[in-house]
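Participant: please find the sequence and the predicted model below.
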Amino acid sequence: MSITGQQSVQAGYEALEAYAKRVKPETLDKVASELLAVKDLFANEPRLRRALTDPGRTAAERSGLAEQVLSGKVSAGTLKVLTALIGQRWSTPGELLTAVESIGVDAILRVGAAQDVLAEVEDELFRFARLVDGDNDLSRALSDGSAPASARTELVRTLLSGKANAVSVRLAEVAAAGFGGRRGFDTAATKLLELVSAKREQRLAYITVAAPLPQDQEARLTRKLSEIYGHTISAKITVDPQVVGGIRVQIGHDLYDGTVARRLTEARKALAARH
């Protein structure tokens with residue numbers, strides 16, 4: 001997103017934050033659903049999207065058009081957030097689409113924060129993403145761009161409804177729909193996990209080991225990483241016997257790979273280079 005778009009989307013976040021302080025989580029949950037539905041509407045109506053981001057129109061004209069199109073179809077709170085957003089300037093119509101979706105997701109996260117369930121949501125979404133990653137058929141089904149997004153989200157609901165927190169289910173649906181235009185469920189879920197962690201004022205550490213870590217060792221590792229990064233670290237651990245031994249840690253773009261598998265690979269490459 002351009003610098004102009006980043007500045008504009010901030011107005012939407014601020015409008016949502018101000019509204020969220022005055023309403024119950026159930027009301028905010030409705031706003032989240034409506035924002036994501038409006039994102040789908042904009043995605044299917046390129047002419048409308050262009051009109052709402054037309055630099056030849058004034059902010060009042062663009063906001064007025066949004067009210068004309070959406071009044072009576074969404075709640076007053078949703079319309080207030082959208083008009084604040086649409087009144088801003090955008091470099092491309094696609095930026096508005098991304099912004100509406102991002103603010104819809106932020107509304108879901110605010111519901112989770114108000115209900116004090118974000119730690120549970122982070123864990124459930126991580127475990128579901130790992131389950132999908134380990135099942136080729138399921139991964140293909142949830143990442144199939146040729147299938148309607150509604151079919152992919154319905155599959156998520158079938159798998160998770162009644163088995164996971166409602167906020168977790170909503171975020172998994174967003175991932176299946178291709179959050180931010182991302183192709184692949186895993187990629188979208190990873191970004192959403194980062195947003196959940198950020199809302200908790202933490203950073204994610206993806207840790208891969210050959211066997212489960214004892215609780216005291218996991219706690220020491222998490223504390224040490226928190227000291228190094230200056231943030232509370234939320235450790236997400238994957239057990240993969242193929243790493244043989246050692247540990248692999250990824251935090252953002254930082255990667256430390258001290259696994260035996262990595263060392264064996266390097267040794268094989270070194271031997272091959274000698275022949």
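Facilitator: In hand now; what should we look at?
Participant: now the strands for the chain?
Facilitator: Remark: strands of the chain, listed N- to C-terminal, are 202-209, 232-239, 247-251, 254-257; assignment by DSSP state E.
Participant: and those as JSON lines, adding mean pLDDT and mean neighbour count?
Facilitator: The C-beta positions use only the backbone N, C-alpha and C, and glycine is treated the same way. Converted to JSON lines, those look like this (pLDDT from 0 to 100; neighbours: other CB atoms under 10 Å):
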{"stretch": "strand 202-209", "mean pLDDT": "93", "mean neighbour count": "20"}
{"stretch": "strand 232-239", "mean pLDDT": "93", "mean neighbour count": "17"}
{"stretch": "strand 247-251", "mean pLDDT": "91", "mean neighbour count": "18"}
{"stretch": "strand 254-257", "mean pLDDT": "89", "mean neighbour count": "12"}
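Participant: could the ones you listed be laid out in CSV, adding distance to residue 184?
Facilitator: Below are those laid out as CSV (distance: least, CB to CB, whole Å):
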stretch, distance to residue 184
strand 202-209, 16
strand 232-239, 18
strand 247-251, 17
strand 254-257, 20
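Participant: quick one: closest of the ones you listed to residue 37.
Facilitator: For the strands of the chain, proximity to residue 37 was assessed by CB to CB; strand 202-209 is nearest, at 29.0 Å.
Participant: so which elements touch that closest one?
Facilitator: In terms of contacts (3 or more CB pairs under 8 Å, 6 or more residues apart in numbering; DSSP states H and E), strand 202-209 is packed against helix 185-199, helix 215-229, strand 232-239, strand 247-251.
Participant: so which elements touch the shortest one?
Facilitator: It refers to strand 247-251. Using 3+ CB pairs under 8 Å, 6+ apart as the contact test, the elements touching strand 247-251 are strand 202-209, helix 215-229, strand 254-257.
Participant: spit out the contact partners of the nearest residue to residue 256 once chain neighbours are set aside.
Facilitator: Setting aside the residues directly before and after it, residue 256 is nearest to residue 249 in space (CB to CB, 6 or more residues apart in numbering), at 4.7 Å. Counting by CB atoms under 8 Å, 6 or more residues apart in numbering, residue 249 makes contact with 205, 206, 207, 208, 225, 255, 256.
Participant: domain assignment for this protein?
Facilitator: Per the record's domain assignment (automatic domain parsing), the chain is made up of the domains 1-115, 117-200, 203-274.
Participant: straight-line length of the second one, end to end?
Facilitator: What it means is domain 117-200. Domain 117-200 has an end-to-end distance of 10 Å (CA to CA, to the nearest Å).
Participant: for residue 67, which of the helices and strands packed on strand 247-251 is the nearest?
Facilitator: strand 202-209 (38.4 Å).
Participant: so what are the sheet partners of the closest one and their directions?
Facilitator: Strand pairing for strand 202-209, determined by DSSP bridges: strand 232-239 (parallel), strand 247-251 (antiparallel).
Participant: okay if I get these as JSON lines plus distance to residue 269?
Facilitator: Rendered in JSON lines, the data for the strands paired with strand 202-209 read as follows (distance: least, CB to CB, whole Å):
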{"stretch": "strand 232-239", "distance to residue 269": "25"}
{"stretch": "strand 247-251", "distance to residue 269": "18"}
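Participant: before we move on, back to that, lowest average pLDDT across the domains of the chain?
Facilitator: Note on the domains of the chain: lowest mean pLDDT is at domain 203-274, with a mean of 87.
Participant: next, give phi and psi for residue 165.
Facilitator: Note on residue 165: backbone dihedrals following degrees, to the nearest 10 are phi -60, psi 150.
Participant: give the contact list for it.
Facilitator: Residue 165 sits next to 112, 117, 120, 121, 124 when contact means CB under 8 Å, 6+ apart.
Participant: could you identify the longest helix within the protein?
Facilitator: helix 93-114 (DSSP state H).
Participant: closest to residue 40 out of the strands paired with strand 202-209?
Facilitator: Between residue 40 and those, the shortest gap by CB to CB is with strand 232-239, which sits at 30.1 Å.
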